[in-house]
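1. generate a structure from the sequence data that follows.
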Amino acid sequence: MNRLIKIYALVVVTLLAACTDLEEEPIGLLAPESFFKTARDVETAVLGGYGIIASESYYGRKLTTTLALRSDMGDIGNRGTPARRIEVNDFMMDSNNGMIEAFWPQMYEVIGAANAAVFGAESVRTPDLSSDEAAELNALEAEAKFIRAFTYYHLVRVFGDIPYVDYYFDEPEEIEGAFTINKTPQADVYANIIADLEFGAENLPDIPVARSRPGKGTAKAFLASVHLTLGNFQESYNWAKDVIDNQATYDYGLAPDYQLLFDATTSGDQNESLFYIDFLGAVTEGDGRNTDWFGTMTGVRGGNPNGWGVIVPNFNVYERWDERDYRKEVAMSDSFLLTSTEMIMPYDSFPNEKRPHIAKYNRFCGNSRGDCGQSDHNYHAMRYAEVLLTAAEALNEVSGPTAEALGYVNEVRARARMTPVGMNEFPFDVDPGISQAELRDLVLEERRLELSFEFGRWYDIKRRQLGDEAFLADDALEPHSNFDPSRDYLMPIPAQELNRNENLGPQNPGY
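-> Coordinates of the predicted model:
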């Protein structure tokens, strides 16, 4: 049976909480109708969804590697790596690509877990519940809907029209129908994502028990992001401004040192993170759960570095990033300290790939296997800095380069000037005489640098249709002469899914 259909048919939740700050024993495979009795049972199912997100096939490598390589920031370094990664980077992938074949079903497992939790909340909710009990159930349902929206938001941006399922299958005819399910138009998928996030904005707590779980502000920040993607600039600004205006209520702010956000021992304590994917170092579960290999994919690696990074910055990324920007030092390594001799080895002395490497996930990875595999990292899926830049971009589209819009960018830049050894002068505040078009380009560039290697750059290229500039222009950061805007803004529906269900056709254009 199709792995996706199996999840729908059994509504199975692998209940792992290793990737949250709560302790919970995995309890195997459960049918929701026989399991959900209390709010605690619903919470257990919600935590199971996080366990699937924090897996090798989702945030631990497959999806994150795909997004990093698809952008103009991450390039293939070691070309001895499996062809499936090279195909993604070089715009040569087809519908049999192993990356999409891995994360598509994994993401639908998350959706299945979320749907089971929503069903559980509805099952447990009875008229005799106290107001506190009802509020607790509403919050848990909102959390499940957030997980569902978060996953569909990735799926719809990667694939376009996709199957949208917001219920679980409990009757034989429904199980049979799962084999013939049709794709849902993108517009409808986005409408459902917005509805789930709006439910979260109403019912999630102001401050969650951990930043690996969402609060009201998390849902609002993602609503700002979704509306920005759709070009609904006024709505995007309204939601981002709501988060900014309630910064104290939600306990948000910028970290005092940019490096703290990418140190596994400190990143979880920063109130800049609105939502992160939490891995526990040197701990693995079955089926790739709690398995993070992304740091290994990017780093110089080892006490005697080889320069084996699979995902590395293109030289243009390194050379065009102003040396005065502290964020460049945090984001990339252009040398390595040899512990045996205490000598500095520059990148052009690396035995293999002789170029700078990504450092965000390979410098301070905490408890890990030794090369930052199975790390302790918290991968930021939404930061307060992104909310500020979203507000600036959306407001500029609505009202032009106002002082308010410039102020949001300047707030991000002011933090970038704060280093462990004192205050830098660079990056400078935005010129108040800037035009609307210039500010549009400046904010996108600021997002590229501030959020470098954090899996959002490809989505910015896609939503702003920047592919020609990013890959075909004479000054492209990562030239790829075969980039085709009629094909490459979407990835192909996995062939294995189309073979099982022809109603998922037609295939995306060009594949």
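2. run a quick neighbour tally on residue 237.
-> 25 (other Cβ atoms under 10 Å). All C-beta spots, glycine's among them, are computed from the backbone N, C-alpha and C.
3. now do the contacts for the closest residue to it other than its chain neighbours.
-> Ranked by Cβ to Cβ, 6 or more residues apart in numbering and with sequence neighbours excluded, the top spatial neighbour of residue 237 is residue 394, at 3.8 Å. Contacts for residue 394 (Cβ atoms under 8 Å, 6 or more residues apart in numbering) come out as 224, 227, 228, 233, 234, 236, 237, 240.
4. quick check on those residues: which are buried?
-> 224, 227, 228, 233, 236, 237, 240 (16 or more other Cβ atoms under 10 Å).
5. just the pLDDT at the residue nearest to residue 237, thanks.
-> In the prediction, the pLDDT value recorded for residue 394 is 99.
6. likewise for residue 34?
-> 72.
7. near it, how many other residues are there?
-> Residues within reach of residue 34, counting by other Cβ under 10 Å, total 7.
8. same deal with residue 343?
-> 10.
9. how far away is it from residue 36?
-> Between residue 343 and residue 36 the distance is 60 Å, computed by Cβ to Cβ, to the nearest Å.
10. just residue 308 next, same as before
-> For residue 308, the distance to residue 36 - Cβ to Cβ - is 47 Å.
11. which ones are touching the residue nearest to residue 479 when sequence neighbours are not counted?
-> For residue 479, ignoring the flanking residues on the chain, the nearest one in space by Cβ to Cβ, 6+ apart is residue 471 at 6.4 Å. Taking Cβ under 8 Å, 6+ apart as the criterion, residue 471 is in contact with 72, 91, 478, 479, 480, 483.
12. can you verify my assumption that the third one contacts residue 316?
-> Spelled out, it's residue 478. Yes - here residue 478 lies in contact with residue 316, judged by Cβ atoms under 8 Å, at a distance of 6.9 Å.
13. with neighbour numbers in mind, choose between those two.
-> residue 478 (19 against 16).
14. contact partners for that one?
-> Residue 478 neighbours (Cβ under 8 Å, 6+ apart): 71, 72, 73, 75, 314, 316, 317, 470, 471.
15. next, the last one: phi, psi?
-> Spelled out, that is residue 471. phi -130, psi -20 (degrees, to the nearest 10).
16. please report how far it lies from residue 155.
-> Residue 471 is 23 Å from residue 155, by Cβ to Cβ.
17. do the fifth one as well
-> When distance is defined by Cβ to Cβ, residue 314 is 27 Å away from residue 155.
18. may I ask which helix or strand of this structure has the lowest mean pLDDT?
-> helix 3-10 (a mean of 31; mean pLDDT, DSSP states H and E).
19. show me where the stretch 51-200 of the chain has strands.
-> 74-76 (DSSP state E, counting those that start in this stretch).
20. just the helices in it please.
-> 62-70, 83-89, 98-124, 131-159, 172-177, 186-203 (DSSP state H, counting those that start in this stretch).
21. least reliable of those helices going by mean pLDDT?
-> helix 172-177 (a mean of 60).
22. from the buried ones among the contacts of residue 394, which single one is nearest residue 358?
-> Minimum distance to residue 358 across the buried ones among the contacts of residue 394 is 25.5 Å, recorded for residue 228 (Cβ to Cβ).
23. tell me who's in contact with that closest one.
-> Counted by Cβ under 8 Å, 6+ apart, residue 228 has contacts 236, 390, 393, 394, 463.
24. and it, that's in a helix?
-> Yes - going by DSSP: H, G, I helix; E, B strand; the rest coil, the assignment for residue 228 places it inside a helix.
25. once you drop chain neighbours, what's closest to it?
-> Nearest to residue 228 is residue 236, by Cβ to Cβ, 6+ apart, at 4.2 Å.
26. what's the burial count for the nearest residue to residue 82 once chain neighbours are set aside?
-> Once flanking residues are discounted, residue 82 sits nearest to residue 98: 7.2 Å by Cβ to Cβ, 6+ apart. Neighbour count for residue 98, taken as other Cβ under 10 Å: 16.
27. what's the answer for the one 5 residues further on, then?
-> Using other Cβ under 10 Å, residue 103 has 26 neighbouring residues.
28. next: residue 485.
-> For residue 485, using other Cβ under 10 Å, the count is 14.
29. what's the nearest residue to it once chain neighbours are set aside sitting at in phi/psi?
-> Of all residues not flanking residue 485 in the chain, residue 467 sits nearest, at 5.1 Å (Cβ to Cβ, 6+ apart). Per-residue torsions, residue 467: phi -60, psi -40 (degrees, to the nearest 10).
30. measure residue 467 to residue 461 for me?
-> 6 Å.
31. and residue 475, by the same measure?
-> Distance from residue 475 to residue 461, by Cβ to Cβ: 15 Å.
32. the two: who's more crowded?
-> Counted by other Cβ under 10 Å, residue 475 and residue 461 do not tie: residue 461 has more neighbours, with 23 against 8.
33. show me what contacts residue 142?
-> 199, 200, 202, 203, 204, 219.
34. tell me the pLDDT at residue 48?
-> 93.
35. can you point out the buried residues in the helix or strand hosting it?
-> Taking DSSP states H and E as the criterion, residue 48 maps to helix 39-53. Residues of helix 39-53 classed as buried: 39, 41-53 (neighbour count, 16+ other Cβ under 10 Å).
36. what angle do that helix and helix 62-70 make?
-> 40 degrees (axes from the mean of the first three to the mean of the last three Cα atoms, to 10 degrees).
37. output helix 39-53 as PDB, nothing but the C-alphas.
-> Only the C-alpha atoms of helix 39-53 are listed here, as PDB (Å, rounded to 0.1, in the frame of the first residue of the first chain):
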ATOM      1  CA  ALA A  39      -6.700  16.600  26.100                       C
ATOM      2  CA  ARG A  40      -3.400  14.900  27.100                       C
ATOM      3  CA  ASP A  41      -4.000  12.300  24.400                       C
ATOM      4  CA  VAL A  42      -4.500  15.100  21.800                       C
ATOM      5  CA  GLU A  43      -1.300  16.700  22.900                       C
ATOM      6  CA  THR A  44       0.500  13.400  22.500                       C
ATOM      7  CA  ALA A  45      -0.700  13.300  18.900                       C
ATOM      8  CA  VAL A  46       0.400  16.900  18.300                       C
ATOM      9  CA  LEU A  47       3.900  16.100  19.600                       C
ATOM     10  CA  GLY A  48       4.000  13.200  17.200                       C
ATOM     11  CA  GLY A  49       3.700  15.600  14.300                       C
ATOM     12  CA  TYR A  50       6.800  17.500  15.500                       C
ATOM     13  CA  GLY A  51       8.600  14.200  15.600                       C
ATOM     14  CA  ILE A  52       8.000  13.600  11.900                       C
ATOM     15  CA  ILE A  53       9.000  17.100  11.000                       C
END
